[in-house]
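Novice: The following block contains a protein sequence and its predicted model.
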Amino acid sequence: MKKFRMITFQYFNAITNMGLDEAIMEFVRKGISQPTIRFYGWDPSAVSIGVFQGVRNEVNLDATKKAGVDVVRRLTGGGAVYHDRLGEVTYSLIAPLEMFPTNIIESYRVICDDIIFALKELGIDAVFSPINDLLVNEQKISGNAQTRRNGILLQHGTILYSVDVETMFSLLNVSDQKISDKLIKSVQKRVTSVVDQTGVSMEELKNALIQGFQRNRNIEFGTYSEQEIHRAQELVQERFNNDVWTFRL
């Protein structure tokens, strides 16, 4: 069984998080780095948008600037996501495509099963909802996204520890709808979090996720290499901190 490197939770800003994902993809493809699972947070809080989205359409840029919230374009598809510094644990799994099912939904299912196991350990019964969500009693607790490049799979996703819907709406552009108490309550009914479901701490969630992702894998705990950090910094300057990339749509 091929060995995975697991990197435990650390905070980074948004552009560094995206730079690290791409740098690790490059080094895994070259055979320099092991397949990697990493856990991280966003400091400061951030909004990430999908690779095919228009940032001005999705994000209230005046509000994010005023709130000190970063904005970054991901490598993966999907919608705009608010990443609360204290409200979620994010993971990235980076590995050769050959290690996972070719079918996209099945590959999501295999990886998301690890999150389902972790939540079950905390007393939360989540189910996989194709293509890429995890639900608890029909409420979303985790969203995930993928990209496949040069034979390498990157899947990253969030597990909601707590939800601040009001802040989320203040930072995102809600098309054709007035931000009302009714709308906020509607979203609150469709989204849940670990805090909503049980009284466990953030540390307990992090530990459960480690257990979930390592249960069926040969895991070696590690950290980022100097090469990866250097390449991530290059990618930040070339791409993720570059308005040409951020505002390309």
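Specialist: Yep, it's here. Residues are numbered from 1 along each chain as shown.
Novice: Of all residues in the protein, which one is nearest the centre?
Specialist: G157 (3.0 Å; C-alpha atoms, centre = their mean).
Novice: Check whether that one really touches Q146, as I assumed.
Specialist: No - here G157 does not reach Q146: they are 9.1 Å apart, not a contact under C-beta atoms under 8 Å. Backbone N, C-alpha and C define where each C-beta goes, glycine included.
Novice: okay, and the common contacts of these two?
Specialist: Common contact partners of G157 and Q146 (C-beta atoms under 8 Å, 6 or more residues apart in numbering): N132.
Novice: need the strands for the protein, in chain order.
Specialist: 3-12, 36-42, 46-49, 70-73, 81-83, 88-96, 127-129, 133-136, 139-149, 152-160, 218-221 (DSSP state E).
Novice: out of those strands, nearest to I229?
Specialist: Comparison of the strands of the chain against I229 by C-beta to C-beta identifies strand 3-12 as nearest, at 10.5 Å.
Novice: Show me what counts as buried in that closest one.
Specialist: Within strand 3-12, the residues scored as buried using 16 or more other C-beta atoms under 10 Å are F4, R5, M6, I7, F9, F12.
Novice: now, which of these sits nearest D125?
Specialist: Nearest to D125, judged by C-beta to C-beta, of the buried residues of strand 3-12 is F9 at 24.0 Å.
Novice: nearest residue to that closest one other than its sequence neighbours?
Specialist: Of all residues not flanking F9 in the chain, F39 sits nearest, at 4.3 Å (C-beta to C-beta, 6 or more residues apart in numbering).
Novice: Spit out the contact partners of that neighbour.
Specialist: Here F39 is in contact with I7, T8, F9, Q10, V89, T90, Y91, K206, L209, I210 (C-beta under 8 Å, 6+ apart).
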